[in-house]
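Student: I'll drop the sequence and a predicted model, then ask my questions.
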Amino acid sequence: MTKGKTTTPARAKQRKQGMEPTVSVGAGGEWHQSGGSDQARLTTNQGLSLSDNQNSLRANSRGPTLLEDFIIREKITHFDHERIPERIVHARGTGAHGYFELTKSLGKYTSAKVLTEVGVQTPVFTRISTVAGGSGSADTPRDVRGFAVKFYTKEGNWDLVGNNVPVFFIQDAIKFPDLVHAIKMEPDRAFPQAATAHDTFWDYISLTPESMHMVMWIMSDRTLPRSLRMIEGFGVHSFRLLNAAGDSTFVKFHWRPKLGLQATTWNETVKLAGADPDFHRRDMFEAISSGAFPEWELAVQLFSEEDADAFPFDHLDATKLIPEELVPLQVIGRMVLNRWPNNFFAETEQVAFCPSHIVPGMDFTNDPLLQGRLFSYLDTQLSRLGSPNFHQLPINAPKCPFANHQRDAHMQMAQPTGRVSYEPNTLAADSPREHPVDGFHSAVSEETGAKGRIRPERFADHYSQARQFYRSQTSCEQTHLASALVFELSKVEHPHIREAMVGHLRHIEEDLAQRVASGLGMTELPPAPASAVAVQDLAPSPALQLIGKMKDTLEGRTIGLLVADGSDAGSIEAIAKAVLAAGANVKRVALNIGDVKLSDGSHLKIDGQLAGMPSVLFDAVAVILSKAAAVMLSEESDAMDFVRDAFGHLKAIGVDKGGEFLLNKAGIKHDAGVMAIGALERFIAAAKTRQWDREASVRTLA
Ligand code: HEM
């Protein structure tokens, strides 16, 4: 029996080529698809053509399945082993291919070709991740974002394995397993998933004063990104650049997004996790698929040993940053992500980044966190990917020639020939050899002093840069930070942990401590712990703000239009045209999916149903409704949520008369961010940013 023909392009092509599968019905009513003689065959892994992929081999039609059935055993065995261990941290990630193009040579400082050959495009694979959650967790928890870039250079792979925050929680890698155990879900109850708002995290942090600078960053809106295309990336540690003469210069790497920074509000983030758990991954997929390629500038901070000695902190301490005002950034290139992976598992899941992957002309520093990382990644990848040959996977293999005498082991894909698998040798003329001049060299350095488990005294200042960060924020950002701390600590069950944290905040800013304490219902401020050194008043650094780095653009943003039968066709067309011209996308939302019939009788295709496409998915909204539709929607709680959330999340709202009726029904008062849709220019300008002035009218601030 042949079933009905459908008209998808793939089916039409198959039909044209005479390859449309025949569908037949088996004895038990099950459907079988079988191909003609030209059709690719379904086989076992040994190439055996299958006659039936729907029934296992049974002793009789209702009898037991036979052990003899090697076909079901092969298929299910493979399936049983499909999952590999997920990354212990950064399990949830989104990756894409692209290129890095150097625009300014660092030839004075390094011999690395990737940093000296201006105009050359080096292929890259970039993976952006959350840290705490499992691979199936939502994209939008409050969390640091990993920002890992693999450059496939002519001289070997260079991995810049950074985060979207320029500092880290701890100064020494020996603390990392404890930190991660404290962040992850608690071991006796297996929750909370992907969240720092719980006792074990804050217990550990309250006992780790060196984390206080990082605490300021993670409690800021930097950890609530609107899009992965709108975050910065930082290499965090100082690395070294080495020129041909062997001279060494310190370097810090920064990625800066072309679209500027943008964040969501906390309440929006909470709702986004339900509305679209894949919000960031989908955004990246859609941007790349539509040709709006995500782009970042690569910038460096360069400084000498003498410069470093004069800094009021130690640059080997990963809890410190070098303010841009102290060492300005130099832009040296750009990265464009222009190709989505062919297969998520093969590429995004199996990619293995490692901070120890550097190329000639670069070297590490003695940062004790970096030194530990140099060991950890290869070690974990041996267990995650199951064999020391994972460098042969296409996503991990260098794109330049590579050869050595390492042999065999699980999943060896290469077939080296000949007798010689050692070096030096006289028996193989074409054997790979050392290259003393342009091969990899470490920086020459002398190490003196007493061996021991000793933290440098210069690492002892744990609060000054935290204070500098807090004081550098706009008052609105300071408020968000204080509210985040109140939220997080309110989830902590043990009062002594809350008190310990507020005690630390007193060293950062008394006012912050006071705001958080009253938000937590404390009647008096707990004592501050002893600080190892006096806290300094460092000059504020406006570059640390997120708001200061937002761009006045609608590029990469999405505007939602709430419409219904009878909506004004002219208004919808005008707004869609203006929004598209400004570089944003438009999505049309109505009560039901399908079409709506507009005022002029034309039909408008709808992108999403109201219940499945709430306003949290948009950067600004317009509500264009006939009076009758507005009356009908004012009875719909999803429509009320649509406008109330857009208002509460500080978004620009454009309305016609029907839209205004709906807003009134929702109890929304007009402010500068709510305007008649006729004022298109004003709407477009307002849609580029959040309506910060509205915030005090919509929530009680910490
Ligand atoms: C500056 C501090 C750090 C940064 C910026 C950082 C960044 C990252 C990033 C971006 C990833 C995800 C890579 C990917 O997308 O596959 C990652 C994974 C990982 N990190 Fe870190 N990390 C830091 C500190 C550490 C430390 C101190 C350790 C251990 C001593 C560590 C161990 C790991 C491990 C085991 C993974 C999983 C790797 C894998 O399975 O492929 N990290 N880190």
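Tutor: Okay, I see it.

Student: give me the phi and psi for whichever residue of the stretch 51-200 of the chain sits closest to the ligand.
Tutor: Proximity of the stretch 51-200 of the chain to the ligand (CB to the nearest ligand atom) peaks at Gly146, 2.7 Å away. Placement of C-beta: from N, CA and C, glycine included. Here is the backbone geometry of Gly146 (degrees, to the nearest 10): phi -70, psi 150.

Student: and it, how many residues sit next to it?
Tutor: 21 (other CB atoms under 10 Å).

Student: got a list of what it touches?
Tutor: Residues near Gly146 by CB atoms under 8 Å, 6 or more residues apart in numbering: 90, 93, 127-131, 161-164.

Student: ok, now Ser248?
Tutor: Listed by CB under 8 Å, 6+ apart, the contact set of Ser248 reads 240-242, 305, 363, 443.

Student: and which of those residues is nearest Ala460?
Tutor: Nearest to Ala460 out of the contacts of Ser248 is Glu305 (CB to CB; 20.9 Å).

Student: quick one on the thing from earlier: next, format the contacts of Gly146 as CSV and append pLDDT, distance to the ligand and neighbour count.
Tutor: CSV is the format used below for the contacts of Gly146 (pLDDT from 0 to 100; distance: CB to the nearest ligand atom, whole Å; neighbours: other CB atoms under 10 Å):
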residue, pLDDT, distance to the ligand, neighbour count
His90, 98, 3, 23
Gly93, 98, 5, 24
Arg127, 99, 4, 23
Ile128, 99, 7, 28
Ser129, 98, 5, 25
Thr130, 98, 10, 26
Val131, 98, 8, 22
Val161, 98, 5, 21
Gly162, 98, 5, 24
Asn163, 98, 4, 24
Asn164, 98, 9, 23
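
Student: ok, those residues vs Ser376, which is closest?
Tutor: Val161 (10.7 Å).

Student: next SSE after the helix or strand that closest one falls within?
Tutor: Val161 belongs to strand 156-163 when elements are defined using DSSP states H and E. Per DSSP H and E, the first helix or strand lying C-terminal to strand 156-163 is helix 176-183.

Student: list the helices and strands that following helix packs on?
Tutor: With contacts defined as 3 or more CB pairs under 8 Å, 6 or more residues apart in numbering; DSSP states H and E, helix 176-183 has these neighbours: helix 199-206, helix 368-385.

Student: interface residues of this protein facing the ligand?
Tutor: Within the chain, the residues that sit near the ligand (CB under 6 Å from any ligand atom) are 87-90, 93, 127, 129, 146, 148, 161-163, 168, 173, 176, 236, 318, 351-353, 369, 372-373, 376-377, 380-381, 384.

Student: if any of the residues you listed are buried, put those into a PyMOL selection.
Tutor: Applying 16 or more other CB atoms under 10 Å to the residues of the chain next to the ligand, the buried members can be selected in PyMOL as follows:
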select buried, resi 87+89+90+93+127+129+146+148+161+162+163+168+173+176+236+318+351+352+353+369+372+373+376+377+380+381+384
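
Student: for stretch 213-226, buried residues please.
Tutor: 213-226.

Student: same check on stretch 132-145?
Tutor: 132-133, 135, 137-145.

Student: could you do stretch 51-63 as well?
Tutor: Asn55.

Student: first-to-last residue distance for that stretch?
Tutor: In stretch 51-63, first residue to last residue: 20 Å (CA to CA, to the nearest Å).

Student: who touches it?
Tutor: By CB under 8 Å, 6+ apart, the residues outside stretch 51-63 that reach it are 26-28, 30-32, 42, 64-66, 68-69, 71-72.

Student: please redo it, this time with the cut-off set to 6 Å
Tutor: 30, 32, 42, 65-66, 69, 72 (CB atoms under 6 Å, 6 or more residues apart in numbering).

Student: looking at these, which one is closest to Pro341?
Tutor: Lowest distance from Pro341 to the contacts of stretch 51-63 (CB to CB) belongs to Leu42, with 25.0 Å.

Student: low-confidence regions, this protein specifically.
Tutor: Residue ranges of the chain with pLDDT under 70: 1-19, 701-702.

Student: now the stretch 201-350 of the chain against the ligand: closest residue?
Tutor: Val236 (3.8 Å).

Student: can you list the helices and strands packed on helix 176-183 in TSV and add distance to Ser483?
Tutor: TSV is the format used below for those (distance: least, CB to CB, whole Å):
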stretch	distance to Ser483
helix 199-206	16
helix 368-385	30
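
Student: which stretch among the ones you listed comes nearest Ile547?
Tutor: Among the helices and strands packed on helix 176-183, the nearest to Ile547 by CB to CB is helix 199-206 (25.8 Å).

Student: next one: that closest one to chain centre, how far?
Tutor: Mean-position distance between helix 199-206 and its chain equals 24 Å (CA atoms, centre = their mean, to the nearest Å).

Student: stretch 587-599 too?
Tutor: 33 Å.

Student: buried ones in it?
Tutor: 588-591, 596, 598.

Student: one more: stretch 275-294?
Tutor: Under 16+ other CB under 10 Å, the buried positions of stretch 275-294 are 275-277, 279-281, 283-284, 287-288, 293-294.

Student: quickly check these for the two that are furthest apart.
Tutor: Of all pairs in the buried residues of stretch 275-294, the most separated under CB to CB is Ala275 and Phe293 at 25.7 Å.

Student: excluding chain neighbours, what is closest to His649?
Tutor: Once flanking residues are discounted, His649 sits nearest to Glu268: 4.4 Å by CB to CB, 6 or more residues apart in numbering.

Student: so which elements touch the helix or strand encompassing the one you found?
Tutor: Using DSSP H and E, Glu268 sits in helix 266-275. The contact analysis (3 or more CB pairs under 6 Å, 6 or more residues apart in numbering; DSSP states H and E) places helix 266-275 against no helix or strand.

Student: what are the buried residues along it?
Tutor: Buried residues in helix 266-275 (16+ other CB under 10 Å): 266, 268-273, 275.

Student: hang on, the earlier thing: ok, the buried residues of stretch 587-599 vs the ligand, which is closest?
Tutor: The shortest gap between the ligand and any of the buried residues of stretch 587-599 belongs to Val589, at 34.0 Å (CB to the nearest ligand atom).

Student: which helix or strand lies directly C-terminal to whatever helix or strand the closest one lives in?
Tutor: Here Val589 sits within strand 585-590, counting by DSSP H and E. Note on strand 585-590: by DSSP H and E, the next helix or strand toward the C-terminus is strand 595-597.

Student: circling back: who touches the helix holding Glu268?
Tutor: Counting by CB under 6 Å, 6+ apart, 138, 140, 224, 279, 614, 616, 649 sit against helix 266-275.

Student: need those in a markdown table with secondary structure, can you?
Tutor: Below are these laid out as a markdown table (DSSP: H, G, I helix; E, B strand; the rest coil):
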| residue | secondary structure |
| --- | --- |
| Ala138 | coil |
| Thr140 | coil |
| Leu224 | coil |
| Phe279 | helix |
| Pro614 | coil |
| Val616 | helix |
| His649 | coil |
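
Student: got phi/psi on the closest residue to Val327 other than its chain neighbours?
Tutor: Nearest residue to Val327, sequence neighbours excluded (CB to CB, 6+ apart): Gln301, at 4.3 Å. Per-residue torsions, Gln301: phi -110, psi 120 (degrees, to the nearest 10).
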